[in-house]
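Undergrad: 3D, please:
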Amino acid sequence: MMNRQINRTMNVIFDALLKKMQIKPFHEISIVEITEQADVARLSFYRHFNTKEDIIIFKIKEIVGRFVRKMNTSTISASKDILDMLLGMVDNYRSIFNVIINNNLYGLIVQSFSPEIKMITKRLFGLLDSDTYLLTFYEGAFVNLIIEWVRSGEGVSKEEYSNILDRLINKQKLLFNYN
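TA: Got it, this is the predicted structure:
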């Protein structure tokens, strides 16, 4: 568990980067600009992060970690309920995900989600660790479907998208049963 001051500093740095990313492409933003925006010393930056990418990974892991803790302490097991909860989390942080996606940093989202998405995918599809390739296939598809939903804007509501994903998952489960 991270101490509050460290967490606050890391979040201030993230907020500064996010502000900069709203007006300037990620790859043109310097560490100096971030630390000036955050009003922290460069040493503070390097105490917590090695790169700008690490800032984004930190924040996504923090967001996803909250979701996973909530999912693990809840009694829900139906894939539709898990989808509703997951899309609710993404929707709550849509502005953050949007800025990251608009800066073509999808890989950081995938990298940040990696261990958690495996657990989520296993629960959604009823897969085992031994289903390595299938798990990897669905993990990639699932993250990309979420990214596409965020990128497409407000066109499809959380509820509609949850229903779409639930239908896709149920079709895949039917395929498992036939093979």
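Undergrad: from here on, just use CA atoms for contacts and neighbour counts.
TA: Fine.
Undergrad: what does the domain assignment say about the chain?
TA: 4-50, 53-178 (automatic domain parsing).
Undergrad: ends of the shortest one, how far apart?
TA: In other words, domain 4-50. Domain 4-50 has an end-to-end distance of 20 Å (CA to CA, to the nearest Å).
Undergrad: same list, the domains of the chain, but as TSV with mean pLDDT and mean neighbour count please.
TA: What follows is the domains of the chain, written out as TSV (pLDDT from 0 to 100; neighbours: other CA atoms under 10 Å):
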stretch	mean pLDDT	mean neighbour count
domain 4-50	97	16
domain 53-178	87	16
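Undergrad: helices along this structure, start to end?
TA: 4-21, 31-38, 42-48, 52-73, 79-92, 94-102, 106-125, 132-151, 158-178 (DSSP state H).
Undergrad: so the first one versus helix 31-38, what angle?
TA: Read it as helix 4-21. If you take axes from the mean of the first three to the mean of the last three CA atoms, to 10 degrees, helix 4-21 sits at 110 degrees to helix 31-38.
Undergrad: and helix 4-21, what does it pack against?
TA: helix 31-38, helix 52-73, helix 94-102 (3 or more CA pairs under 8 Å, 6 or more residues apart in numbering; DSSP states H and E).
Undergrad: and residue 124, which of the ones you listed is closest to it?
TA: Closest to residue 124 of the helices and strands packed on helix 4-21, according to CA to CA: helix 52-73, at 11.8 Å.
Undergrad: circling back: residue 6: which of the helices and strands packed on helix 4-21 is closest?
TA: helix 52-73 (12.1 Å).
Undergrad: now the angle between helix 79-92 and that closest one, please.
TA: Using the same axes, to 10 degrees: helix 52-73 against helix 79-92 is 140 degrees.
Undergrad: contacting residues around helix 52-73?
TA: Outside helix 52-73, the residues that touch it by CA atoms under 8 Å, 6 or more residues apart in numbering are 10-11, 13-14, 31, 49, 82, 85-86, 89, 108-109, 111-113, 116.
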